[in-house]
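Participant: sequence and predicted structure are below.
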Amino acid sequence: MGKSVYVPRSGESWRNPYPMYSDLRDNSPVHFVEEGSYWFLSRFEDVFNAARSPNIFSSRHGLTIDQNSEYLEMGDATPIVFLDPPEHTQFRRLISKGFTPRKAEDMRQDINSFVEAAIKRIKELENCDIISELFKPLPSFVVSKYLGVPASDRMIFDTWTEKIVAGAVQNEDSEGLDAIIELTSYFTEMIEWRKSKPGDDLISELLEMGEEKVSIMWILGLAFTMIAGGNDTTTGLLGGSAVLLTENPDQRKLLLEDLRLLPEAIEELLRMTSPVQGLSRVLLEDFELQGEKIPSGSRVLIGYGSGNRDEREFGKDSEKLNIQRKIKRTLGFGSGAHLCLGASVARLQSSIALKEILRNFPDFYVDESSSTYATGNYVRRHTHLAFYSSD
């Protein structure tokens, strides 16, 4: 037990965190990390329950293991991910109608067109970086469409996302804070514009409710959440899925024989990739788990990526891709009160992108050995992934 250790991942060390997770699940499922003074939960059941207990595991003090999260304190503009019930419940109820499966379905034609254009470009290349050609611009396009942002401003979204996520790792670096300020300034101007020129977008819908129901600051917080959380997580799911389908030709063959299996496959790919590998909470009361006593006020990192590969929940083959696996519960989009609002549209764009890749490049493969990973302790995603249209 003494040999088990949790070490935060970032960049290259994201390539294979899974042996570490397995060791922790078996030998130290409630693990105290001395460097940083926080706890790490690695088993599915423990992570699942923690995610569904906001009255004990609070999000109000930030979602990182950093003890000094003042840069996240944004007053009335605090993003929904940093709220606890009842404020969280109230805000989520107001905005949830913009994130229903039906609302996501309204995006299908736009997503199809975007993916088809990207596939056409990829066909003209012998090989490419699939991240920059499709997996990174697609979620950015979807978020910008939701928020009604002009296409000309889309690239800046990715810049903000990278700086904000990287800022959670390098707390002495002010780039994360600068990106938040830039983002806030941009959407303050955009909200003013939408007041006089409403469109068919989420910001316009929220403005129509009136400021007594939805404050301008709340809208700013939502924009922050969608840009910072919606872009890189879908990129992580798609990049990781391309790797898994390259490494598991038998599973790819099943999909090629029947693309109707894709919806179930997406759930399994999501389980295996777990783009958000973990997020932090702060305990509001003393808590005992697996024989360990965790004092009130402690930071607890809940390991979604580890929990999603727990054999106690998913069986002895939990570390293997099985697109026909019957999944009862998963942590791919979190769970409980903070279940990802954008889950429906993330599933939709991922299924469309993977379907078109399989249809157009049935023999594709990606070169994981030369890939690169993003910095940041919480989201596992590729920043470069070489894609070849055939063997």
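Facilitator: Looks like it arrived, so ask away.
Participant: alpha carbons only for contacts and neighbour counts from here, please
Facilitator: Fine.
Participant: low-confidence ranges in the stretch 151-300 of the chain?
Facilitator: Applying pLDDT under 70 to the stretch 151-300 of the chain picks out residues 158, 161-162, 164-173.
Participant: please enumerate the strands of it.
Facilitator: Using DSSP state E, counting those that start in this stretch, the strands assigned to the stretch 151-300 of the chain run over residues 279-283, 287-289, 292-294, 299-302.
Participant: tabulate the CA atom coordinates of the helix or strand following the last one in CSV.
Facilitator: Read it as strand 299-302. Following strand 299-302 in sequence order, the next helix or strand is helix 304-307 (DSSP states H and E). These are the backbone C-alpha positions of helix 304-307, laid out as CSV (Å, rounded to 0.1, in the frame of the first residue of the first chain):
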residue,chain,number,x,y,z
TYR,A,304,-13.4,10.1,-13.3
GLY,A,305,-10.8,8.6,-15.6
SER,A,306,-9.9,5.9,-13.1
GLY,A,307,-13.4,5.2,-12.0
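Participant: got a list of contacts for helix 304-307?
Facilitator: Under the contact criterion CA atoms under 8 Å, 6 or more residues apart in numbering, helix 304-307 has outside partners 18, 21-22, 25, 42-45, 47-48, 271-279, 331-332, 334.
Participant: ranges for the strands of the stretch 1-150 of the chain?
Facilitator: Under DSSP E, counting those that start in this stretch, the stretch 1-150 of the chain gives strands at 30-33, 38-41, 57-58, 127-129.
Participant: so what strands line up beside the third one?
Facilitator: Right, strand 57-58. strand 279-283 (antiparallel) (DSSP bridges).
Participant: and the strand it pairs with, how far out from the chain's middle?
Facilitator: In terms of CA atoms, centre = their mean, to the nearest Å, the centre of strand 279-283 is set 17 Å apart from its chain centre.
Participant: equivalent analysis for stretch 311-319, please.
Facilitator: 22 Å.
Participant: please identify the buried residues of that stretch?
Facilitator: Glu311, Glu313, Phe314, Ser318, Glu319 (16 or more other CA atoms under 10 Å).
Participant: next: stretch 43-53.
Facilitator: So for stretch 43-53, counting by 16+ other CA under 10 Å, buried means Arg43, Phe44, Asp46, Val47, Phe48, Ala50, Ala51, Arg52.
Participant: ok, Val366 - contacts?
Facilitator: By CA under 8 Å, 6+ apart, the neighbours of Val366 are Ala242, Val243, Thr246, Leu385, Ala386, Phe387, Tyr388.
Participant: name the next helix or strand downstream of the helix or strand containing it, please.
Facilitator: Using DSSP H and E, Val366 maps to strand 365-373. The C-terminal neighbour of strand 365-373 among helices and strands, as given by DSSP H and E, is strand 382-388.
Participant: what packs against that next one?
Facilitator: Packed against strand 382-388 by the contact rule (3 or more CA pairs under 8 Å, 6 or more residues apart in numbering; DSSP states H and E) you find strand 127-129, helix 130, helix 216-247, strand 365-373.
Participant: so what's the residue count around Ser274?
Facilitator: For Ser274, the count of nearby residues is 29 (other CA atoms under 10 Å).
Participant: do Lys3 as well
Facilitator: 8.
Participant: how close does it get to Arg15?
Facilitator: For Lys3, the distance to Arg15 equals 21 Å [CA to CA, to the nearest Å].
Participant: check Asp129 too.
Facilitator: Distance, Asp129 to Arg15, by CA to CA: 18 Å.
Participant: report the contact partners of Arg309.
Facilitator: Phe44, Arg271, Met272, Ser318, Glu319.
Participant: format those as CSV; extra columns: distance to Cys340.
Facilitator: Below are the contacts of Arg309 laid out as CSV (distance: CA to CA, whole Å):
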residue, distance to Cys340
Phe44, 18
Arg271, 14
Met272, 17
Ser318, 23
Glu319, 24
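Participant: out of the residues you listed, who's nearest Leu256?
Facilitator: Met272 (19.7 Å; CA to CA).
Participant: isn't the closest one up against Leu321?
Facilitator: Yes. Between Met272 and Leu321 there is a contact under CA atoms under 8 Å: 7.0 Å.
Participant: neighbour count: the two, which is higher?
Facilitator: Between Met272 and Leu321, counted using other CA under 10 Å, the more crowded position is Met272 (23 against 20).
Participant: list the contacts for the more buried one?
Facilitator: Counting by CA under 8 Å, 6+ apart, the residues that Met272 touches are Gly305, Asn308, Arg309, Glu319, Leu321.
Participant: re earlier: show only the entries of the contacts of helix 304-307 found in helices.
Facilitator: Among those, the residues falling in helices (DSSP state H) are Tyr18, Tyr21, Ser22, Arg25, Phe44, Glu45, Val47, Phe48, Arg271, Met272, Thr273.
Participant: closest to Leu207 out of those residues?
Facilitator: Phe48 (34.8 Å).
Participant: for that closest one, give its distance to Ser42.
Facilitator: Per CA to CA, Phe48 is found 10 Å from Ser42.
Participant: measure the residue nearest to the spatial centre of the chain to Phe333 for me?
Facilitator: Centroid-nearest residue in the chain, with CA atoms, centre = their mean: Thr233, separated by 3.1 Å. Separation of Thr233 from Phe333 (CA to CA): 9 Å.
Participant: perfect, I'm done here.
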